[in-house]
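Enquirer: With the input below, show me the fold.
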Amino acid sequence: MSEFDPAAYLPDDLLERIRERAPIHDRENTFPQQDLDELRDAGYLSILVPAERGGAGLGLAEAALLQQRLAGAAPATALAINMHLVWTGVAKVFSDRGVPGLEFVQDGAVAGEVFAFGISEGGNDLVLFGSDTAAEPTGDDGYSFTGTKIFTSLAPVWTKLGLHGLDTTSDDAPKLVFAFVDRTAAVETGDDWDTLGMRATQSRTTRLKGAVADAAHVVRRIDPGPTPDPIVFGIFSVFEILLASVYTGIARRALDLAVLTAQKRTSKRTGLAYAQDPDIRWRIADMALSYDALPPQIAALARDVDESADHGARWFSLLSGVKHRAITTAKHVVDQAMLTAGGGSYFSSNELSRLYRDVLAGAFHPSDPESAHATAASAWLGPIEA
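Expert: Okay, here's the model as predicted:
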(Lines give C-alpha, C1' and ligand atoms only; values in the text may rest on other atoms or scores of the structure.)
Protein backbone atom coordinates (compact mmCIF):
# COMPACT_ATOMS: atom_id res chain seq x y z
CA MET A 1 0.00 0.00 0.00
CA SER A 2 1.34 3.44 -0.91
CA GLU A 3 1.93 5.94 1.89
CA PHE A 4 -0.99 8.26 2.56
CA ASP A 5 -0.35 11.80 1.29
CA PRO A 6 -2.50 14.44 3.08
CA ALA A 7 -1.51 17.04 0.47
CA ALA A 8 -3.46 15.08 -2.13
CA TYR A 9 -6.68 16.01 -0.27
CA LEU A 10 -5.59 19.34 1.25
CA PRO A 11 -3.14 20.91 -1.22
CA ASP A 12 -0.77 23.60 0.02
CA ASP A 13 -2.38 26.33 -2.09
CA LEU A 14 -5.84 25.53 -0.71
CA LEU A 15 -4.49 25.59 2.85
CA GLU A 16 -2.80 28.94 2.28
CA ARG A 17 -6.04 30.50 1.06
CA ILE A 18 -7.83 29.12 4.11
CA ARG A 19 -5.04 30.39 6.38
CA GLU A 20 -5.25 33.89 4.87
CA ARG A 21 -8.99 34.07 5.53
CA ALA A 22 -8.84 32.77 9.12
CA PRO A 23 -7.93 36.08 10.83
CA ILE A 24 -10.64 37.90 8.89
CA HIS A 25 -13.38 35.54 10.06
CA ASP A 26 -12.03 35.66 13.61
CA ARG A 27 -11.98 39.47 13.62
CA GLU A 28 -15.39 39.87 11.95
CA ASN A 29 -17.05 36.91 13.71
CA THR A 30 -18.24 35.44 10.42
CA PHE A 31 -18.64 31.96 8.99
CA PRO A 32 -15.91 30.87 6.49
CA GLN A 33 -18.23 30.23 3.57
CA GLN A 34 -15.38 30.25 1.03
CA ASP A 35 -13.53 27.62 3.05
CA LEU A 36 -16.59 25.38 3.03
CA ASP A 37 -17.16 25.92 -0.68
CA GLU A 38 -13.57 25.07 -1.60
CA LEU A 39 -13.47 22.06 0.69
CA ARG A 40 -16.76 20.77 -0.71
CA ASP A 41 -15.51 21.26 -4.28
CA ALA A 42 -12.37 19.30 -3.34
CA GLY A 43 -14.50 16.37 -2.13
CA TYR A 44 -13.46 16.89 1.49
CA LEU A 45 -16.98 16.47 2.90
CA SER A 46 -17.05 12.87 1.65
CA ILE A 47 -13.55 11.72 2.61
CA LEU A 48 -15.01 9.12 5.01
CA VAL A 49 -17.61 7.84 2.55
CA PRO A 50 -16.73 4.47 0.92
CA ALA A 51 -15.49 4.66 -2.65
CA GLU A 52 -18.36 2.47 -3.84
CA ARG A 53 -20.79 5.19 -2.70
CA GLY A 54 -18.81 7.96 -4.40
CA GLY A 55 -16.52 9.10 -1.58
CA ALA A 56 -12.77 9.01 -1.07
CA GLY A 57 -12.94 5.80 0.96
CA LEU A 58 -10.55 7.03 3.66
CA GLY A 59 -10.42 5.67 7.17
CA LEU A 60 -10.68 7.55 10.44
CA ALA A 61 -6.89 7.40 10.78
CA GLU A 62 -6.42 9.32 7.51
CA ALA A 63 -9.20 11.78 8.36
CA ALA A 64 -7.49 12.49 11.69
CA LEU A 65 -4.27 13.40 9.88
CA LEU A 66 -6.17 15.65 7.49
CA GLN A 67 -7.95 17.43 10.32
CA GLN A 68 -4.62 18.07 12.03
CA ARG A 69 -3.39 19.60 8.80
CA LEU A 70 -6.52 21.73 8.32
CA ALA A 71 -6.45 22.92 11.94
CA GLY A 72 -2.89 24.14 11.44
CA ALA A 73 -4.26 26.57 8.85
CA ALA A 74 -7.60 27.52 10.44
CA PRO A 75 -8.62 25.88 13.73
CA ALA A 76 -12.20 27.16 13.65
CA THR A 77 -12.76 25.95 10.10
CA ALA A 78 -11.41 22.54 11.07
CA LEU A 79 -13.60 22.39 14.18
CA ALA A 80 -16.70 23.31 12.19
CA ILE A 81 -15.97 20.70 9.51
CA ASN A 82 -15.36 18.19 12.31
CA MET A 83 -19.05 18.19 13.14
CA HIS A 84 -19.98 17.17 9.60
CA LEU A 85 -17.24 14.55 9.55
CA VAL A 86 -18.49 13.10 12.84
CA TRP A 87 -21.73 12.00 11.17
CA THR A 88 -19.98 10.61 8.10
CA GLY A 89 -17.60 8.86 10.47
CA VAL A 90 -20.49 7.35 12.43
CA ALA A 91 -21.97 6.17 9.13
CA LYS A 92 -18.63 4.50 8.40
CA VAL A 93 -18.63 2.81 11.82
CA PHE A 94 -22.10 1.47 11.00
CA SER A 95 -21.23 0.22 7.52
CA ASP A 96 -17.92 -1.31 8.68
CA ARG A 97 -19.84 -3.35 11.25
CA GLY A 98 -22.72 -4.30 8.98
CA VAL A 99 -25.23 -2.02 10.73
CA PRO A 100 -27.71 -0.41 8.30
CA GLY A 101 -29.42 2.95 8.67
CA LEU A 102 -26.97 5.73 7.83
CA GLU A 103 -26.48 5.19 4.12
CA PHE A 104 -28.42 8.41 3.50
CA VAL A 105 -25.69 10.30 5.36
CA GLN A 106 -23.04 8.89 3.04
CA ASP A 107 -25.06 9.61 -0.08
CA GLY A 108 -25.94 13.07 1.20
CA ALA A 109 -22.31 13.97 1.87
CA VAL A 110 -21.40 12.98 -1.69
CA ALA A 111 -24.28 15.10 -3.00
CA GLY A 112 -23.08 18.15 -1.05
CA GLU A 113 -25.30 18.03 2.03
CA VAL A 114 -23.81 19.59 5.19
CA PHE A 115 -24.54 17.68 8.38
CA ALA A 116 -24.48 19.42 11.76
CA PHE A 117 -24.21 17.96 15.23
CA GLY A 118 -27.19 18.70 17.49
CA ILE A 119 -26.45 16.82 20.69
CA SER A 120 -25.25 19.38 23.26
CA GLU A 121 -27.86 20.90 25.57
CA GLY A 122 -27.37 23.49 28.29
CA GLY A 123 -27.04 21.83 31.69
CA ASN A 124 -27.27 18.28 30.30
CA ASP A 125 -24.16 16.56 31.60
CA LEU A 126 -25.54 13.19 30.50
CA VAL A 127 -24.70 14.24 26.91
CA LEU A 128 -25.22 11.08 24.79
CA PHE A 129 -26.95 9.20 27.61
CA GLY A 130 -29.93 11.51 28.06
CA SER A 131 -31.73 14.50 26.57
CA ASP A 132 -33.95 17.39 27.64
CA THR A 133 -35.36 17.60 24.11
CA ALA A 134 -38.83 16.09 23.74
CA ALA A 135 -39.14 13.45 21.02
CA GLU A 136 -42.81 12.88 20.23
CA PRO A 137 -44.02 10.09 17.91
CA THR A 138 -45.84 11.37 14.83
CA GLY A 139 -47.83 8.17 14.31
CA ASP A 140 -46.04 7.06 11.15
CA ASP A 141 -42.77 5.94 12.79
CA GLY A 142 -41.42 9.48 12.57
CA TYR A 143 -40.74 11.91 15.42
CA SER A 144 -41.07 15.60 16.12
CA PHE A 145 -38.47 17.28 18.31
CA THR A 146 -38.95 20.23 20.64
CA GLY A 147 -36.10 21.64 22.67
CA THR A 148 -32.91 23.68 22.57
CA LYS A 149 -29.50 22.56 21.35
CA ILE A 150 -26.37 24.59 22.00
CA PHE A 151 -22.98 24.84 20.29
CA THR A 152 -24.45 23.92 16.90
CA SER A 153 -21.43 24.43 14.66
CA LEU A 154 -22.05 25.19 10.97
CA ALA A 155 -25.24 26.97 12.10
CA PRO A 156 -25.59 29.27 9.07
CA VAL A 157 -25.10 26.54 6.46
CA TRP A 158 -26.11 23.08 7.60
CA THR A 159 -28.77 21.26 5.61
CA LYS A 160 -29.32 18.23 7.89
CA LEU A 161 -29.15 18.26 11.69
CA GLY A 162 -28.36 15.01 13.51
CA LEU A 163 -29.81 15.12 17.01
CA HIS A 164 -31.31 13.18 19.87
CA GLY A 165 -34.37 13.56 22.08
CA LEU A 166 -36.25 11.64 24.76
CA ASP A 167 -39.48 9.79 24.01
CA THR A 168 -41.50 9.60 27.24
CA THR A 169 -44.91 8.69 25.79
CA SER A 170 -44.52 5.44 23.84
CA ASP A 171 -45.47 2.11 25.43
CA ASP A 172 -41.80 1.18 25.82
CA ALA A 173 -40.74 4.63 27.06
CA PRO A 174 -38.39 6.10 27.99
CA LYS A 175 -36.37 5.82 24.80
CA LEU A 176 -33.59 8.01 23.44
CA VAL A 177 -34.27 8.75 19.78
CA PHE A 178 -31.47 9.62 17.36
CA ALA A 179 -32.62 11.15 14.08
CA PHE A 180 -31.99 13.79 11.41
CA VAL A 181 -34.16 16.78 10.61
CA ASP A 182 -34.08 19.27 7.74
CA ARG A 183 -33.67 23.01 8.11
CA THR A 184 -37.30 24.19 8.16
CA ALA A 185 -39.44 26.86 9.81
CA ALA A 186 -39.64 24.54 12.83
CA VAL A 187 -35.89 25.01 13.38
CA GLU A 188 -34.82 28.43 14.62
CA THR A 189 -31.13 29.40 14.54
CA GLY A 190 -30.06 32.07 16.99
CA ASP A 191 -27.54 34.83 16.34
CA ASP A 192 -25.75 34.48 19.65
CA TRP A 193 -22.22 33.34 18.78
CA ASP A 194 -19.85 36.01 20.11
CA THR A 195 -17.09 34.13 21.88
CA LEU A 196 -13.50 34.39 22.99
CA GLY A 197 -12.20 31.99 20.35
CA MET A 198 -13.23 29.51 17.65
CA ARG A 199 -15.42 32.31 16.34
CA ALA A 200 -15.65 31.14 12.72
CA THR A 201 -17.41 27.90 13.75
CA GLN A 202 -20.55 29.98 14.29
CA SER A 203 -21.80 27.39 16.77
CA ARG A 204 -25.08 29.10 17.48
CA THR A 205 -28.04 28.00 19.58
CA THR A 206 -30.70 25.96 17.76
CA ARG A 207 -34.32 25.94 18.93
CA LEU A 208 -36.47 23.04 17.77
CA LYS A 209 -40.20 23.74 17.61
CA GLY A 210 -41.69 20.47 16.50
CA ALA A 211 -39.04 19.75 13.88
CA VAL A 212 -39.99 16.49 12.17
CA ALA A 213 -37.78 13.56 11.26
CA ASP A 214 -39.60 11.12 8.99
CA ALA A 215 -39.29 7.38 9.55
CA ALA A 216 -36.45 7.03 7.05
CA HIS A 217 -34.34 9.45 9.10
CA VAL A 218 -35.00 8.01 12.55
CA VAL A 219 -31.79 6.11 13.06
CA ARG A 220 -31.98 4.61 16.55
CA ARG A 221 -34.28 4.16 19.56
CA ILE A 222 -32.33 3.01 22.60
CA ASP A 223 -32.62 2.95 26.38
CA PRO A 224 -31.23 6.05 28.13
CA GLY A 225 -27.94 5.66 29.94
CA PRO A 226 -24.61 4.04 29.10
CA THR A 227 -24.93 1.42 26.37
CA PRO A 228 -22.70 -0.32 23.81
CA ASP A 229 -25.16 0.52 21.03
CA PRO A 230 -23.38 1.37 17.75
CA ILE A 231 -24.81 4.91 17.70
CA VAL A 232 -23.23 5.73 21.05
CA PHE A 233 -19.92 4.07 20.26
CA GLY A 234 -19.85 5.60 16.78
CA ILE A 235 -20.49 9.15 17.95
CA PHE A 236 -18.17 8.91 20.95
CA SER A 237 -15.24 7.36 19.10
CA VAL A 238 -15.32 9.59 16.02
CA PHE A 239 -16.08 12.75 18.00
CA GLU A 240 -13.25 12.28 20.50
CA ILE A 241 -10.65 11.30 17.91
CA LEU A 242 -11.44 14.13 15.52
CA LEU A 243 -11.54 16.66 18.37
CA ALA A 244 -8.14 15.45 19.55
CA SER A 245 -6.92 15.88 15.98
CA VAL A 246 -8.01 19.52 15.73
CA TYR A 247 -6.28 20.51 18.96
CA THR A 248 -3.19 18.51 18.01
CA GLY A 249 -3.11 20.53 14.80
CA ILE A 250 -3.19 23.73 16.86
CA ALA A 251 -0.28 22.47 18.95
CA ARG A 252 1.77 21.71 15.84
CA ARG A 253 1.12 25.15 14.36
CA ALA A 254 2.10 26.85 17.64
CA LEU A 255 5.31 24.83 17.76
CA ASP A 256 6.14 25.76 14.16
CA LEU A 257 5.52 29.44 14.85
CA ALA A 258 7.68 29.33 17.98
CA VAL A 259 10.54 27.79 16.00
CA LEU A 260 10.24 30.42 13.26
CA THR A 261 10.21 33.23 15.82
CA ALA A 262 13.25 31.85 17.67
CA GLN A 263 15.17 31.64 14.41
CA LYS A 264 14.27 35.20 13.35
CA ARG A 265 14.66 37.11 16.64
CA THR A 266 18.12 38.24 17.72
CA SER A 267 19.26 38.90 21.26
CA LYS A 268 20.65 42.36 21.90
CA ARG A 269 22.64 40.91 24.78
CA THR A 270 24.47 38.18 22.86
CA GLY A 271 24.00 39.17 19.22
CA LEU A 272 22.85 35.61 18.51
CA ALA A 273 19.51 34.29 17.31
CA TYR A 274 17.17 33.29 20.11
CA ALA A 275 17.42 29.78 18.71
CA GLN A 276 20.88 29.69 20.32
CA ASP A 277 19.62 30.73 23.76
CA PRO A 278 19.66 27.74 26.18
CA ASP A 279 16.40 28.74 27.86
CA ILE A 280 14.57 29.16 24.56
CA ARG A 281 15.97 25.86 23.31
CA TRP A 282 14.73 24.11 26.45
CA ARG A 283 11.29 25.65 26.06
CA ILE A 284 10.97 24.57 22.42
CA ALA A 285 12.30 21.13 23.27
CA ASP A 286 9.63 20.86 25.98
CA MET A 287 6.95 21.81 23.43
CA ALA A 288 8.25 19.28 20.93
CA LEU A 289 8.44 16.46 23.48
CA SER A 290 4.85 17.16 24.51
CA TYR A 291 3.51 17.44 20.97
CA ASP A 292 5.30 14.33 19.68
CA ALA A 293 3.25 12.09 21.96
CA LEU A 294 -0.09 13.07 20.43
CA PRO A 295 -0.15 11.99 16.75
CA PRO A 296 0.85 8.36 17.45
CA GLN A 297 -1.86 8.01 20.12
CA ILE A 298 -4.52 9.39 17.80
CA ALA A 299 -3.33 7.22 14.92
CA ALA A 300 -3.38 4.05 17.02
CA LEU A 301 -6.90 4.56 18.35
CA ALA A 302 -8.23 5.66 14.96
CA ARG A 303 -6.83 2.52 13.36
CA ASP A 304 -8.47 0.44 16.07
CA VAL A 305 -11.84 2.02 15.24
CA ASP A 306 -11.23 1.43 11.52
CA GLU A 307 -10.31 -2.19 12.15
CA SER A 308 -13.14 -2.87 14.63
CA ALA A 309 -10.74 -3.71 17.43
CA ASP A 310 -12.30 -4.85 20.69
CA HIS A 311 -11.24 -2.85 23.74
CA GLY A 312 -14.45 -3.71 25.55
CA ALA A 313 -15.26 -1.45 28.47
CA ARG A 314 -11.84 0.23 28.08
CA TRP A 315 -12.96 2.02 24.92
CA PHE A 316 -14.52 4.97 26.74
CA SER A 317 -11.53 5.70 28.96
CA LEU A 318 -9.16 5.35 26.01
CA LEU A 319 -11.18 7.72 23.86
CA SER A 320 -11.90 10.33 26.52
CA GLY A 321 -8.26 10.06 27.56
CA VAL A 322 -6.81 10.85 24.15
CA LYS A 323 -9.12 13.86 23.81
CA HIS A 324 -8.21 15.10 27.30
CA ARG A 325 -4.48 14.71 26.71
CA ALA A 326 -4.72 16.46 23.35
CA ILE A 327 -6.43 19.54 24.71
CA THR A 328 -4.27 19.88 27.82
CA THR A 329 -1.08 19.29 25.85
CA ALA A 330 -2.14 21.72 23.12
CA LYS A 331 -2.84 24.42 25.71
CA HIS A 332 0.58 23.83 27.28
CA VAL A 333 2.30 24.04 23.90
CA VAL A 334 0.50 27.27 22.96
CA ASP A 335 1.37 28.76 26.37
CA GLN A 336 5.03 27.96 25.78
CA ALA A 337 4.88 29.30 22.23
CA MET A 338 3.52 32.62 23.49
CA LEU A 339 6.39 32.93 25.97
CA THR A 340 8.92 31.97 23.30
CA ALA A 341 7.59 34.56 20.86
CA GLY A 342 7.59 37.34 23.42
CA GLY A 343 5.30 40.32 23.94
CA GLY A 344 4.45 40.64 20.26
CA SER A 345 2.33 37.50 20.52
CA TYR A 346 0.00 39.30 22.92
CA PHE A 347 -1.32 41.55 20.16
CA SER A 348 -4.62 40.33 18.68
CA SER A 349 -3.18 40.59 15.15
CA ASN A 350 -0.60 37.92 15.98
CA GLU A 351 -1.54 34.38 14.91
CA LEU A 352 -0.38 32.98 18.22
CA SER A 353 -2.84 35.25 20.00
CA ARG A 354 -5.65 33.67 17.99
CA LEU A 355 -4.35 30.15 18.63
CA TYR A 356 -4.21 30.99 22.34
CA ARG A 357 -7.89 31.92 22.32
CA ASP A 358 -8.91 29.03 20.09
CA VAL A 359 -7.17 26.36 22.15
CA LEU A 360 -9.14 27.33 25.26
CA ALA A 361 -12.33 25.96 23.69
CA GLY A 362 -11.01 22.40 24.00
CA ALA A 363 -11.86 22.11 27.69
CA PHE A 364 -15.57 22.69 27.01
CA HIS A 365 -16.07 19.84 24.54
CA PRO A 366 -17.19 16.45 25.84
CA SER A 367 -15.53 14.69 27.50
CA ASP A 368 -14.67 17.53 29.88
CA PRO A 369 -11.78 17.05 32.35
CA GLU A 370 -14.10 15.89 35.14
CA SER A 371 -15.78 13.29 32.95
CA ALA A 372 -12.47 12.05 31.54
CA HIS A 373 -11.04 11.55 35.02
CA ALA A 374 -14.21 9.87 36.32
CA THR A 375 -14.19 7.49 33.35
CA ALA A 376 -10.52 6.62 33.89
CA ALA A 377 -11.04 6.12 37.61
CA SER A 378 -13.93 3.74 36.99
CA ALA A 379 -11.89 1.81 34.41
CA TRP A 380 -9.02 1.25 36.84
CA LEU A 381 -10.70 1.25 40.26
CA GLY A 382 -14.23 0.15 39.44
CA PRO A 383 -17.38 2.19 40.05
CA ILE A 384 -17.95 4.14 43.24
CA GLU A 385 -19.71 1.96 45.79
CA ALA A 386 -23.29 2.91 46.55
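
Enquirer: contacting residues around Ala244?
Expert: Taking C-beta atoms under 8 Å, 6 or more residues apart in numbering, we find Ala244 in contact with 64, 294, 297-298, 322-323, 325-327. (Each C-beta comes from the backbone N, C-alpha and C, glycine too.)

Enquirer: nearest spatial neighbour of it, skipping sequence neighbours?
Expert: The shortest distance from Ala244 to any residue other than its chain neighbours is 3.7 Å, reached at Ala326 (C-beta to C-beta, 6 or more residues apart in numbering).

Enquirer: phi, psi of that neighbour?
Expert: Dihedral pair for Ala326: phi -60, psi -40, per degrees, to the nearest 10.

Enquirer: same question, Leu166
Expert: Main-chain dihedrals, Leu166, degrees, to the nearest 10: phi -110, psi 120.

Enquirer: Show me what counts as buried in whatever helix or strand Val238 lives in.
Expert: Remark: Val238 resides in helix 230-264, with elements defined by DSSP states H and E. Counting neighbours by 16 or more other C-beta atoms under 10 Å, one finds that the buried residues in helix 230-264 are 230-255, 257-259, 261-262.

Enquirer: Based on its surroundings, how many neighbours for the residue nearest to Ala244?
Expert: Applying the criterion other C-beta atoms under 10 Å, we find 28 residues in the vicinity of Ala326.

Enquirer: separation between it and Asp192?
Expert: 28 Å (C-beta to C-beta, to the nearest Å).

Enquirer: again, but for Arg97
Expert: For Arg97, the distance to Asp192 under the criterion C-beta to C-beta works out to 38 Å.

Enquirer: what's the nearest residue to Lys293 if we skip its chain neighbours?
Expert: Quick fix: residue 293 reads Ala, not Lys. Counting by C-beta to C-beta, 6+ apart, the nearest residue to Ala293 once its immediate chain neighbours are dropped is Thr329, at 7.1 Å.

Enquirer: For the nearest residue to Leu255 once chain neighbours are set aside, which residues are in contact?
Expert: Nearest residue to Leu255 in three dimensions, chain neighbours excluded: Met287, at 5.0 Å (C-beta to C-beta, 6+ apart). The contact partners of Met287, taken as C-beta under 8 Å, 6+ apart, are 251, 254-255, 258, 332-333, 336-337, 340.

Enquirer: In CSV: those, plus distance to Ala76.
Expert: What follows is these, written out as CSV (distance: C-beta to C-beta, whole Å):
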residue, distance to Ala76
Ala251, 16
Ala254, 15
Leu255, 19
Ala258, 21
His332, 21
Val333, 18
Gln336, 22
Ala337, 18
Thr340, 23
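
Enquirer: Let me know the closest of those residues to Gln34.
Expert: Distance to Gln34 across these (C-beta to C-beta) is lowest for Ala254, with 24.6 Å.

Enquirer: who's in contact with the residue lying closest to the closest one once chain neighbours are set aside?
Expert: Nearest residue to Ala254 in three dimensions, chain neighbours excluded: Ala337, at 3.9 Å (C-beta to C-beta, 6+ apart). Under the criterion of C-beta under 8 Å, 6+ apart, the contact partners of Ala337 comprise 254-255, 257-258, 287, 345, 352, 355.

Enquirer: tell me which element Leu196 is part of?
Expert: Mapping Leu196 onto the secondary structure by DSSP H and E places it in no helix or strand at all.

Enquirer: who's in contact with it?
Expert: With contact taken as C-beta under 8 Å, 6+ apart, Leu196 is in contact with 357, 360-361.

Enquirer: Which of those fall within strands?
Expert: Where the contacts of Leu196 are compared with strands, as defined by DSSP state E, there is no overlap at all.

Enquirer: Now do the SS call for Ser144.
Expert: Reducing the assignment at Ser144 to three states with DSSP: H, G, I helix; E, B strand; the rest coil gives strand.

Enquirer: and it, how far is that from Gly165?
Expert: Distance of Ser144 to Gly165, given as C-beta to C-beta: 9 Å.

Enquirer: Then His373?
Expert: For His373, the distance to Gly165 (C-beta to C-beta) stands at 29 Å.

Enquirer: which of these two has more neighbours?
Expert: More crowded of His373 and Gly165, by other C-beta under 10 Å: Gly165, with 27 against 15.

Enquirer: Strands of the stretch 151-300 of the chain, residue ranges please.
Expert: Ranges of strands within the stretch 151-300 of the chain are 160-167, 175-182, 187-189, 204-213, 218-222, based on DSSP state E, counting those that start in this stretch.
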